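>>> Turn this into a model:
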Amino acid sequence: MSQTVCYFKNGIGNLICQMPAIAALAYMDPTGKVDYCLDETWKADVRFIGIMDILTHWDKVNKVLLFPKNTPAKYKRYFYTLHSEASPVFDYFKSKSAPTENRVNWRERVIHETEYYKDLVRKLGWNKPFPQVNFPTTTIGTLETTKPVLGICNGLFNTASWQKKSWPHFEKLCKLVSDKYYIVKIGFGKELDEVKTYDNSFVGKLSITQTANVISQCDKFVTTDSSCMHIAAALGIDTVALFGGTYIFKNAPLTQKTKVLFDKKSTCRPCQDTERFFSCKDYQCMKNITPEEVVSCL
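Sure thing, here's the model as predicted:
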């Protein structure tokens with residue numbers, strides 16, 4: 001058993017932002033690994049499946065506990081994070097004096113989420129450069145093509161609350177570049193159903209670590225603000241990231257291989273953490289990013 005247990009309940013992208021800090025915690029543990037605690041009542045959430053897939057394949061994780069079935073006990077270091085959603089586990093971890101805040105006002109804090117987690121680990125005594133994260137992948141085979149591979153993702157989890165992160169021009173983009181690239185669709189459920197110009201679709205067919213294996217074979221990747229954007233960055237893939245109402249300073253990958261595009265004319269963006277983010281039905285900030293702009297970044 002590791003001496004460090006981490007509690008988490010949120011999105012896959014949030015977990016990926018956390019991974020450099022957790023890797024440092026693992027180095028601080030005599031076992032070289034950490035344990036993770038997830039809320040057992042969360043199992044019906046689609047995100048839970050992806051989180052479990054990553055944690056069970058990541059070499060920095062010893063085992064995954066479910067609360068309250070496997071109540072964390074006798075650990076020397078407890079770590080839970082700001083983005084953990086409401087849960088009875090919250091009170092348990094708070095009682096262990098974990099070094100964190102319940103929530104962060106990002107509009108005032110203006111810090112990248114990855115750097116926030118790193119700061120928490122520094123409070124626990126880490127004073128070295130943060131280790132490189134080897135994002136886990138599950139092999140599914142090699143893409144058979146002589147063209148450069150372009151991956152596309154319009155990650156939404158098909159939820160209304162995140163619909164405003166979508167980009168409506170993927171079909172036109174694919175038509176513009178189909179002669180040059182072998183186009184691969186990546187995502188969940190019915191994402192990218194509107195895109196008919198492509199060579200291969202893995203949408204709704206793969207686990208997160210299998211998806212990561214496909215992304216690792218891409219020469220270029222075009223994506224909205226999504227978990228796959230963070231995976232591509234972790235794997236060192238040349239990425240064009242499309243941002244609308246969400247925070248670039250908080251969410252955009254911290255890598256020179258990522259080019260961020262956003263509508264510079266939209267005066268109301270970013271609107272994340274405001275009422276407008278949830279009430280907006282127009283998403284002009286995403287619609288105004290043109291396929292031609294994206295092509296110029298490839």
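>>> where's the closest residue to Pro30 other than its chain neighbours relative to Leu124, distance?
Nearest non-adjacent residue to Pro30, counting by Cβ to Cβ, 6 or more residues apart in numbering: Gln3, 6.4 Å away. The C-beta positions use only the backbone N, C-alpha and C, and glycine is treated the same way. Per Cβ to Cβ, to the nearest Å, Gln3 is found 12 Å from Leu124.
>>> what is in contact with these two at once?
Here Gln3 and Leu124 have Arg77 as joint contacts, going by Cβ atoms under 8 Å, 6 or more residues apart in numbering.
>>> State the number of residues packed around the residue nearest to Pro30.
Neighbours of Gln3 under the rule other Cβ atoms under 10 Å: 16.
>>> buried residues in stretch 183-195?
Ile183, Val184, Lys185, Ile186, Gly187, Phe188, Glu191, Leu192, Val195 (16 or more other Cβ atoms under 10 Å).
>>> Can you pick out the most distant pair from the residues you listed?
Across these, no pair lies farther apart than Ile183 and Phe188, at 18.0 Å, counting by Cβ to Cβ.
>>> Let me see the contact set for the residue nearest to Pro30.
Asp29, Pro30, Thr31, Tyr75, Lys76, Arg77.
>>> Grab the nearest non-local neighbour of the fourth one.
Distance criterion Cβ to Cβ, 6+ apart; nearest residue to Tyr75, sequence neighbours excluded, is Val5 at 4.5 Å.
>>> any idea how far the one helix or strand that neighbour maps to is from the chain center?
Using DSSP states H and E, Val5 sits in strand 4-7. Here strand 4-7 is found 19 Å from its chain centre; the criterion is Cα atoms, centre = their mean, to the nearest Å.
>>> re the thing from before, tell me the spacing between the residue nearest to Pro30 and Val121.
Distance from Gln3 to Val121, counting by Cβ to Cβ: 15 Å.
>>> now swap in Phe48 and tell me
Distance from Phe48 to Val121, by Cβ to Cβ: 24 Å.
>>> same deal with Phe8?
Taking Cβ to Cβ, one finds Phe8 at 14 Å from Val121.
>>> quick revisit: and the strand holding Val5, which strands flank it?
For strand 4-7, the paired strands and their directions (DSSP bridges) are strand 34-39 (parallel), strand 77-80 (parallel).
>>> Give me the angle between whichever helix or strand comes after that strand and strand 34-39.
Sequence-wise, the next helix or strand downstream of strand 4-7 (DSSP H and E) is helix 12-28. Helix 12-28 and strand 34-39 are oriented at 140 degrees to each other (axes from the mean of the first three to the mean of the last three Cα atoms, to 10 degrees).
>>> Mean confidence (pLDDT) on helix 12-28, please.
Per-residue pLDDT values across helix 12-28 average out to 94.
>>> For it, name the packing helices and strands.
Helix 12-28 sits against strand 4-7, strand 34-39, helix 46-57, strand 77-80, helix 113-123, helix 227-234, with contacts defined as 3 or more Cβ pairs under 8 Å, 6 or more residues apart in numbering; DSSP states H and E.
>>> got the CA coordinates for it in CSV?
The C-alpha trace of helix 12-28 is given here as CSV (Å, rounded to 0.1, in the frame of the first residue of the first chain):
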residue,chain,number,x,y,z
ILE,A,12,-10.9,13.6,-17.5
GLY,A,13,-9.1,16.8,-18.6
ASN,A,14,-9.0,18.0,-15.0
LEU,A,15,-7.3,14.7,-14.0
ILE,A,16,-4.7,15.1,-16.8
CYS,A,17,-3.9,18.6,-15.5
GLN,A,18,-3.3,17.0,-12.1
MET,A,19,-0.9,14.3,-13.3
PRO,A,20,2.4,16.2,-13.1
ALA,A,21,1.7,17.0,-9.4
ILE,A,22,0.6,13.4,-8.7
ALA,A,23,3.7,12.1,-10.3
ALA,A,24,5.7,14.2,-7.9
LEU,A,25,3.7,12.9,-5.0
ALA,A,26,4.5,9.4,-6.2
TYR,A,27,8.2,10.2,-6.1
MET,A,28,7.8,11.4,-2.6
